[in-house]
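S.K.: what would the 3D arrangement of this be:
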Amino acid sequence: MLGVAGPALAHNVLVSSDPLAGSSVETGPSSVTLTFDQPVNGGPGLNAISVVSPDGGHWEGVGEPTVRDNTVTAQLRPLGPAGEYTISYRILSADGHPVTESLKFTLTKAGSGTPAPASEIAKADPAGTAAGSTGENSGGVPIWVWILGAVVLLGGGVFLALRGGVKEDSK
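M.R.: As a prediction, the model looks like this:
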């Protein structure tokens, strides 16, 4: 059987973050920085980062995240209550597919900040957390790859069937 290899299709993978996933910090960070294994596509409305406190408040700053090669950075408001914060992000992967994930860190001492007003939340909510969605990365292979593979296999089977079996010697 003959197989043809296609181009590798890989979504960006988060390799580090500041603050670190699962870390505890005493003072709230002024920004979130996410570093990926490949460059991130930049442009207006393509990427978003949100930071949500235990009480549901949003702490992302005004404006879109900045993209520099494989790093995406978003400014934050001064954080508020102590507890577990969720960083949700949506980036446009190098292969053109959106990647939506989240990670958590813990603020051990309460800050004095005020959360973002409701009018700003929808603009910076990558995973739909304002609407109650958890967001997830679909991952996997696009459906068109599976369809193409099935067509090739079916076509190969039909070709072999129509080609005929072993020819008999005519004596």
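
S.K.: so where's this protein uncertain?
M.R.: The chain contains residues with pLDDT under 70 at 1-9, 121-146, 164-171.

S.K.: ranges for the helices of it?
M.R.: Secondary structure of the chain (DSSP state H): helices at 118-121, 143-163.

S.K.: how close does the residue nearest the centre of the chain sit to Phe36?
M.R.: In the chain, the residue lying closest to the centroid (C-alpha atoms, centre = their mean) is Val99, at 2.1 Å. Noted for Val99: a distance of 8 Å to Phe36, by C-beta to C-beta, to the nearest Å. Yep, even glycine has a C-beta here, placed from its N, CA and C like the rest.

S.K.: go on, Pro19?
M.R.: Separation of Pro19 from Phe36 (C-beta to C-beta): 16 Å.

S.K.: that older thread, let me know which of the helices of the chain is tucked in deepest.
M.R.: Mean neighbour count (mean count of other C-beta atoms under 10 Å) peaks for helix 118-121 among these, with a mean of 13.

S.K.: what's in contact with that one?
M.R.: If you take C-beta atoms under 8 Å, 6 or more residues apart in numbering as the criterion, helix 118-121 is touched by 50, 58, 60, 62, 130.

S.K.: farthest pair within the residues you listed?
M.R.: Pairwise distances across those (C-beta to C-beta) peak at 16.1 Å, for the pair Val62 and Ala130.

S.K.: more neighbours: which of these two?
M.R.: Ala130 (15 against 10; other C-beta atoms under 10 Å).
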